[in-house]
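Participant: When you get a sec, could you give me coordinates for this:
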Amino acid sequence: MTSTDFVVARNDLKHCKFIERTLPDAAALPSETLLVKVTSFALTANNITYAVLGDELKYWQLFPAPEGFGNIPVWGFGEVIASRHPNVAEGERLFGYFPMATHLVIEAADVSKRGLRDGAAHRQGVAPVYNAYARVSGNAAFAGRQGDYQALLRPLFMLSFLVDDFLAENGFFGAESVMLSSASSKTAFGLAHLLHTRGIKVIGLTSPSNTGFVKSLGCYDEVITYDRVASLAADRPAAFIDMAGNSGLRETLHRHFGAQMKYSGRVGLTHRRSSENEPELPGAKPSWFSAPEQIRKRAKEWGPGGIETRFGPAWSGFAPKLEQWLKVTEGRGPAAVQTAYIDTLNGRVPPELGHILTLSE
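Facilitator: So this is what the prediction gives:
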């Protein structure tokens, strides 16, 4: 049996191809190993961030590829088609981090009623969430269109949840408003939804083409196009969450707000226009927000299950809105995957569209 994998050149993300990998026969699987068919996965701009930061944050090591290439991790679903673990049955459905591929071999470890972990040596040394798989067979929250929303938004909304928690924990650093760049992105509007429910003013920064969509969400108090950010009132303390990674925008905002810029957090790279040598800027020094660090901190403070206990109600308040906000499109086969990837890489996917893909024909 073989697996078809979609891989990209690590130094040129536009260069991509399909490769075939030989899989072990079901009878030859090592003890406690699972052979999983990847049944569907989501592809968003966040996956492009994974690729851009592949070396820095060790994303490339999760799913090995030929020299010079990488397999971009995606969130999705898999079906266990062969199992050598006594407590995992064939036919089980798993939700978690998968390669853009038709199959994955998992070395099942820490198996519990709720989930398991891939204990493969090459997958260690990264945040634990990237190696965890939820066992979701029969779970209505992960079935049908709700399952698509989970793949498209749940991991991004966890990031939104953690940024919201970090800002609130720090009293918003004294800011009276929070500006979000790439306001149409899924992580941004998830965060805007959470901030809006706290009553703090939320300002969405976006391109003219996405203004209508961002306004329609109803979770931004003000929507400003990038070319008009200097028109924002700068006499009150503000915070900036940078989802875009656009150095020019960041500099413009810092120089406009000056000392009133109380926090400047970098979260994403949707625009991929960050300069390596940025000048010293007035106001708070821009810094990367670390989701793993916030997870470790809260896990220690809140105890086992504490994050999930708080995340659950937040997701429950967010998920019902997705039917109004998102249109899910499904694609099957190599051609559909490659087209969706190139469109996402080049920023041609409308913000209201969500790609759910399957590499198998």
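Participant: Can you show me the helices along the stretch 251-361 of the chain?
Facilitator: 291-302, 306-318, 322-325, 334-345 (DSSP state H, counting those that start in this stretch).
Participant: Can you name every helix or strand that the shortest one contacts?
Facilitator: This points to helix 322-325. Packing partners of helix 322-325 (3 or more C-beta pairs under 8 Å, 6 or more residues apart in numbering; DSSP states H and E): helix 144-169. Bear in mind the C-beta positions are built from the backbone N, C-alpha and C, glycine included.
Participant: what inclination does the helix it packs on have with respect to helix 291-302?
Facilitator: With axes from the mean of the first three to the mean of the last three C-alpha atoms, to 10 degrees applied, the angle from helix 144-169 to helix 291-302 works out at 80 degrees.
Participant: Only the buried residues of helix 144-169, if you could.
Facilitator: 147-167 (16 or more other C-beta atoms under 10 Å).
Participant: just stretch 101-119 next, same as before
Facilitator: Within stretch 101-119, judged by 16+ other C-beta under 10 Å, the buried ones are 101-108, 111, 116-118.
Participant: Just send the residues you listed back as a markdown table, with pLDDT too.
Facilitator: Shown next, in a markdown table, are these (pLDDT from 0 to 100):
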| residue | pLDDT |
| --- | --- |
| Ala101 | 98 |
| Thr102 | 98 |
| His103 | 98 |
| Leu104 | 98 |
| Val105 | 97 |
| Ile106 | 98 |
| Glu107 | 97 |
| Ala108 | 98 |
| Val111 | 97 |
| Leu116 | 98 |
| Arg117 | 97 |
| Asp118 | 97 |
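Participant: Please identify which pair of those residues lies farthest apart.
Facilitator: Across the buried residues of stretch 101-119, no pair lies farther apart than Thr102 and Val111, at 23.8 Å, counting by C-beta to C-beta.
Participant: which regions of the chain sit below the pLDDT cut-off?
Facilitator: 268-277 (pLDDT under 70).
Participant: what do you get if the cut-off is 80, keeping everything else the same?
Facilitator: For the chain, applying pLDDT under 80 flags the ranges 268-278.
Participant: got a list of what the spatially most central residue of it touches?
Facilitator: Of all residues in the chain, the one closest to the mean position by C-alpha atoms, centre = their mean is Leu156, 4.1 Å from it. Listed by C-beta atoms under 8 Å, 6 or more residues apart in numbering, the contact set of Leu156 reads 44, 46, 186-187, 190.
Participant: give me that answer again for 10 Å
Facilitator: Going by C-beta atoms under 10 Å, 6 or more residues apart in numbering, Leu156 touches 42, 44-46, 75, 185-191, 268.
Participant: Could you pull up the residues touching the closest residue in space to Met261 that isn't next to it in sequence?
Facilitator: Nearest-residue entry for Met261: Gly283, 2.9 Å, with adjacent residues in sequence omitted and distances by C-beta to C-beta, 6 or more residues apart in numbering. The contact partners of Gly283, by C-beta under 10 Å, 6+ apart, come to 237-238, 240, 253-264.
Participant: Please spell out the PyMOL selection for the buried subset of those.
Facilitator: Selecting only the buried entries of these in PyMOL, with 16+ other C-beta under 10 Å as the criterion:
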select buried, resi 237+238+240+253+254+256+257+260+261+262+263+264
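Participant: Return the closest of the contacts of Gly283 with respect to Ser177.
Facilitator: Ala238 (5.0 Å).
Participant: Run through the bridge partners of the closest one.
Facilitator: Beta-bridge partners for Ala238, by DSSP bridges, are Ser177, Met261.
Participant: I figured it hits Phe172, correct?
Facilitator: Yes - using C-beta atoms under 10 Å, Ala238 is in contact with Phe172, at 9.4 Å.
Participant: Strands of the stretch 1-150 of the chain, residue ranges please.
Facilitator: For the stretch 1-150 of the chain, the strands defined by DSSP state E, counting those that start in this stretch cover 2-9, 12-22, 33-43, 69-70, 74-83, 93-98, 103-109, 115-118, 132-135.
Participant: Of the ones you listed, give the one that comes closest to Thr206.
Facilitator: Across the strands of the stretch 1-150 of the chain, closest to Thr206 is strand 33-43 (C-beta to C-beta), at 21.1 Å.
Participant: What is the neighbour count of Pro279?
Facilitator: Neighbours of Pro279 under the rule other C-beta atoms under 10 Å: 9.
Participant: need the contact list for Gly171.
Facilitator: With C-beta under 10 Å, 6+ apart, Gly171 has these contacts: Lys262.
Participant: Pull up the gap between it and Asp5, please.
Facilitator: Distance, Gly171 to Asp5, by C-beta to C-beta, to the nearest Å: 46 Å.
Participant: same question, Gly305
Facilitator: Gly305 is 35 Å from Asp5, by C-beta to C-beta.
Participant: Of these two, which one has the most company?
Facilitator: Asp5 (24 against 10).
Participant: which residue sits closest to the more buried one in space, ignoring its chain neighbours?
Facilitator: Here the residue nearest Asp5, using C-beta to C-beta, 6+ apart, is Ala101, at 4.2 Å.
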